[in-house]
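Engineer: I need the structure of the sequence given here:
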Amino acid sequence: MHAPAPEKRLAPSEGEIAGIAMPTWRLIALGLGLVVLAAIPLVLKNFYIFQITLAIIYAIAILGLNLLTGFNGQFSLGHSAFYAIGAYTAAILMDQYDVAYYWTLPIAGIICFVAGFLFGLPALRLEGIYLALATFALAVAMPQILKLSPLEHWTGGVQGIVILKPNAPFGLPFNPDQWLYYFTFAVALALFLCAYNLVSSRTGRAMKAIRDNSVAAKAMGVNLSLYKSLTFGVSALYTGVAGALGGIVVQFVAPDSFTFALSVALFVGLVVGGVGSIAGALFGAWFVLFVPNIAEHVSKGLAGAVYGIMLILLIYLMPSGLAGLVRLVVMRFARAARG
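Structural biologist: Predicted structure coming up:
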């Protein structure tokens, strides 16, 4: 006579914490976050609203770089060039052709997508440090290109272009800073949702397969050339939209605003936030925008040294970025909740 089989107790899956489904927790956290973000312009002064708006814009640009580097494995140090193209597209259209600011975003995105795709085609022969060097050359060349005399009629040369902040439409009771915050937040939310759907789709799996092992991906039928070029284009599109938003919010574009230092800042935001993490772009943007100011408050004469020390400590203590730290904390709480 066989003994009855012991009842199997299913261990909590990765999607559950203390018996509650993780999607529920995520929805609750997302809802609370949206409420907080929506209330920010109503309780803060215009200067702080402006700063947070810039952080959201940097998050979009870092997300674009993350799609290329974190999810596809292509290394770029030239995304300041696409940011500049997007910013100048918006500024020129608004200043010289009276195009509404919201129409400049898709136009800037399309132009940057084409530019990124075309740049990605010859870059297919390059990998690793060689691709990084090619994109570095693009970042260094872009400010000089914008200063060329034949383009000065459109770009304004070294003096750049000044544009006006748009007012809130439909008689909404918001000042320009508040309205641009909500507008930027809505655009960022849409782009983050698109990025999440992209990396979760069949295309996203192909992108990550190329990152993990391009030889195996090719053997499985993945078109390396097509996916690499398209990823470069989509990455440039995100960064170009961020650049257009940045130009509208700052109200000024000039060649020296888009130097190689901007590319380095985006790369730092990528690493600090978490490579291969969509939410990490938000953490990286906050670090890039606010930590240098904190370092300057600590010591004005040694702000660069303080910033460097903080960056080194973060890399050593959190090698998977701030997003990785958040995941670790959530897992610890989950284990504690399960007893």
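Engineer: for this structure, just list every one of the strands.
Structural biologist: Assigned by DSSP state E, the chain shows strands spanning 16-17, 20-21, 161-162, 252-253.
Engineer: which strands and helices sit next to the lengthiest helix in the chain?
Structural biologist: Identified as the longest helix of the chain according to DSSP state H is helix 224-250. In terms of contacts (3 or more C-beta pairs under 8 Å, 6 or more residues apart in numbering; DSSP states H and E), helix 224-250 is packed against helix 46-69, helix 79-96, helix 101-120, helix 176-200, helix 202-212, helix 214-219. Where C-beta positions appear, they are placed from N, C-alpha and C, glycine not excepted.
Engineer: average model confidence for the shortest one?
Structural biologist: When you say that, I think you mean helix 214-219. Per-residue pLDDT over helix 214-219 has a mean of 89.
Engineer: please compute how far it lies from its chain's middle.
Structural biologist: 28 Å (C-alpha atoms, centre = their mean, to the nearest Å).
Engineer: where does this structure have low pLDDT?
Structural biologist: For the chain, the stretches flagged by pLDDT under 70 are 1-26, 334, 339.
Engineer: can you rerun that using 50?
Structural biologist: 1-22 (pLDDT under 50).
Engineer: doesn't residue 236 make contact with residue 116?
Structural biologist: Yes - with contact defined as C-beta atoms under 8 Å, residue 116 counts as touching residue 236 (2.6 Å).
Engineer: which neighbours do the two share?
Structural biologist: By C-beta atoms under 8 Å, 6 or more residues apart in numbering, residue 116 and residue 236 have these common neighbours: residue 82.
Engineer: so which of these two has more stuff around it?
Structural biologist: residue 236 (34 against 31; other C-beta atoms under 10 Å).
Engineer: wait, that one sits on residue 113?
Structural biologist: Yes - between residue 236 and residue 113 there is a contact at 6.0 Å, judged by C-beta under 8 Å.
Engineer: surely residue 136 meets residue 77?
Structural biologist: Yes - with contacts counted by C-beta under 8 Å, residue 136 reaches residue 77, the gap being 4.4 Å.
Engineer: look at these two and report which has more neighbours.
Structural biologist: Neighbour totals were compared for residue 136 and residue 77, and residue 77 leads with 23 against 17 (other C-beta under 10 Å).
Engineer: so what's the more buried one up against?
Structural biologist: Contacts for residue 77 (C-beta under 8 Å, 6+ apart) come out as 132, 135, 136, 139, 260, 263, 264, 267.
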